[in-house]
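> What follows is a predicted protein model with its sequence.
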2 protein chains.
Amino acid sequence: MIKEIANHRSIRKYKSTPIDEETLSDMLHSAVRASTCGNMQLYSLVVTLDPHVRAELAPCHFNQPMVTEAPCVVTVCADIHRFTKWCEQRDADPAYDNFEWFLNAATDALLAAENLALAAEAHGLGICFLGTTLYTARDICRILQLPKGVIPLTTIVVGHPAEHPERTDRLPLDAVVHYDRYKDYTDAEIDELWAEKEASSETLELLKANDLPNLAQIFTKNRYRREDNIAISRAYFELLREQGFFND
Amino acid sequence: MIKEIANHRSIRKYKSTPIDEETLSDMLHSAVRASTCGNMQLYSLVVTLDPHVRAELAPCHFNQPMVTEAPCVVTVCADIHRFTKWCEQRDADPAYDNFEWFLNAATDALLAAENLALAAEAHGLGICFLGTTLYTARDICRILQLPKGVIPLTTIVVGHPAEHPERTDRLPLDAVVHYDRYKDYTDAEIDELWAEKEASSETLELLKANDLPNLAQIFTKNRYRREDNIAISRAYFELLREQGFFND
């Protein structure tokens, strides 16, 4: 297995040591080598090094210390703006302000993001993807001055690790892989696929700490609750319209 | 640079030689090592090896020969179904049938997809992402028997390359990278960023072949036309609702 893929873990504690220029350059050049729809490169990478701007971004990521402690925060954005502007300057009629092209742009952006993460790890750096990006996308747009046609998808914190956590577990491969066609799960198969995770010492500690009868309820009652999910969905969808990805 | 990232190119011609089991296993294990939101692994990889099923999929990808010639076609899907079923079996109240969780699932799926692609390349295989997946997602759902809560995002063709194309060009790095905040482009900057691409011999040949005055119009008039973009957007969005990602 490619060693960066095998050794990947999310790092949440960082030294403040800056990333040297060559390493950053390699990360960014790695990102743009990813496959891209029609070679259109419909994404932008906002590389925030300035500690003042990172401090502005911190509340968007629930003030997790890594956003200010790590030297580099990359906000990964779908971007139809640049390509559209080019078309307009060439008397071409662009029509990328719609849901299909949001998805094409997001695909481009996320493949590039994974390359960037692996490239950082190849240089001994640690990374963490921040899902909070979707929750507070409107604030991120404002802080990073994203024009119409640009919307944040995820954020990658990058820096020198100040911790070395264990790799996290995964469901058995059978859980996510289907051969030829999708084979739906029986109740017994679901039980079996989650058995090891549910019996782990980590889970048993979580149950005690959360005073809940099972791991699934930790997800639904504590981590990702119905009312939050619905509020985030609506807010992001509204922002998607406002940023001009739903003009059809 | 990680050598698989540096050497990546899309391969469109394949030998029919099967992928050996160990290699396939490494690809799939590599995929699941990618970062995943809350360690929920909200995706499924449908690995279609059966030539009959690949033949059924071929029209979904405009009958590009690689879909039947290459030995392996991986349909990468957002999947909230498996996690939701687990929650229901644990008397937990899942609320992942909404747009936020489509995006979280898509992020998980696409990071895993890039790992899978790089892992395949590390074994000397070639890959190609098929954007046609979004155009014909409804047919793919039917053929692969995807239940509610599962929707295809992209497809990766994998096999032994029967061609060795040049790496494709990219815009200058400055086009996609912004430091600290987004810096919008002046008209002159757009001209400059596209100058090399527009002057390339490849572009000049395309202009002759398409009888059009510039590259931008090849995109807007021939490759990705307004009426198609709008039809695809609407169809995919409708499917997203039907597959249960918009229940709020």
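Arrived safely.
> Now do the helices in chain A.
Secondary structure of chain A (DSSP state H): helices located at A:3-7, A:21-32, A:51-57, A:66-69, A:81-89, A:99-122, A:132-135, A:137-144, A:173-176, A:187-199, A:201-210, A:215-217, A:226-242.
> Wait, A:S44 touches B:Y182, no?
Yes - here A:S44 reaches B:Y182: they are 6.7 Å apart, a contact under CB atoms under 8 Å. Every C-beta, even on glycine, is put in place using the N, C-alpha and C of the backbone.
> higher neighbour count, those two?
Higher neighbour count among A:S44 and B:Y182: A:S44, with 26 against 20, using other CB atoms under 10 Å in any protein chain shown.
> and the residue most central in space within chain A, what are its bridge partners?
What sits nearest the mean C-alpha location of chain A, by CA atoms, centre = their mean, is A:T154, with 3.5 Å. Counting by DSSP bridges, A:T154 forms beta bridges with A:V76.
> wait, what's in contact with it?
A:V76, A:L110, A:A113, A:F129, A:L130, A:G131, A:T133, A:L134, B:T107 (CB atoms under 8 Å, 6 or more residues apart in numbering or on different chains).
> hmm, 10 Å instead?
Counting by CB atoms under 10 Å, 6 or more residues apart in numbering or on different chains, A:T154 makes contact with A:74-77, A:106, A:109-110, A:113, A:129-134, B:35, B:37, B:103-104, B:107, B:110-111.
> ok, and what's touching stretch A:201-216?
By CB under 10 Å, 6+ apart, stretch A:201-216 touches A:166, A:168-169, A:194, A:196-200, A:217-223, B:83-84, B:86-94.
> for it, what is the average pLDDT?
Average pLDDT, stretch A:201-216: 96.
> And it, what's buried?
Buried residues in stretch A:201-216, defined by neighbour count with 16 or more other CB atoms under 10 Å in any protein chain shown: A:T203, A:L207, A:L212, A:N214, A:L215, A:A216.
> What is the burial count for A:A199?
For A:A199, using other CB under 10 Å, the count is 10.
> Roughly how far does the residue in chain A sticking out farthest from the centre sit from chain B?
For chain A, the C-alpha farthest from the mean C-alpha position belongs to A:D91; by CA atoms, centre = their mean, that distance is 35.2 Å. Taking CB to the nearest CB, to the nearest Å as the measure, A:D91 falls 7 Å from chain B.
> Kindly export stretch A:12-24 (C-alpha atoms) in CSV.
Written as CSV, here are the backbone C-alpha positions of stretch A:12-24 (Å, rounded to 0.1, in the frame of the first residue of the first chain):
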residue,chain,number,x,y,z
ARG,A,12,-5.5,17.5,15.9
LYS,A,13,-2.5,18.9,17.7
TYR,A,14,0.2,20.8,15.9
LYS,A,15,3.5,22.6,16.5
SER,A,16,3.5,26.2,15.2
THR,A,17,6.6,25.6,13.0
PRO,A,18,5.9,27.0,9.5
ILE,A,19,5.7,24.8,6.4
ASP,A,20,8.7,25.4,4.2
GLU,A,21,8.1,26.9,0.8
GLU,A,22,9.2,23.8,-1.2
THR,A,23,6.9,21.5,0.8
LEU,A,24,3.9,23.9,0.3
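> Return the set of buried residues in that stretch.
A:R12, A:K13, A:Y14, A:I19, A:T23, A:L24.
> just stretch A:39-55 next, same as before
Result for stretch A:39-55 [16+ other CB under 10 Å]: buried residues A:M40, A:Q41, A:L42, A:Y43, A:S44, A:L45, A:V46, A:V47, A:T48, A:V53, A:R54.
> Just the terminal-to-terminal distance for it.
35 Å (CA to CA, to the nearest Å).
> So chain A: which segments form each domain?
Following automatic domain parsing, one gets these domains for chain A: A:3-166+A:228-242, A:173-223.
> just those domains: most buried one?
Highest mean neighbour count of the domains of chain A: domain A:3-166+A:228-242, a mean of 20 (counted as mean count of other CB atoms under 10 Å in any protein chain shown).
> Who's the closest spatial neighbour of A:P94, skipping the chain neighbours?
Closest residue in space to A:P94, ignoring its immediate chain neighbours: A:C87 at 3.7 Å, by CB to CB, 6 or more residues apart in numbering or on different chains.
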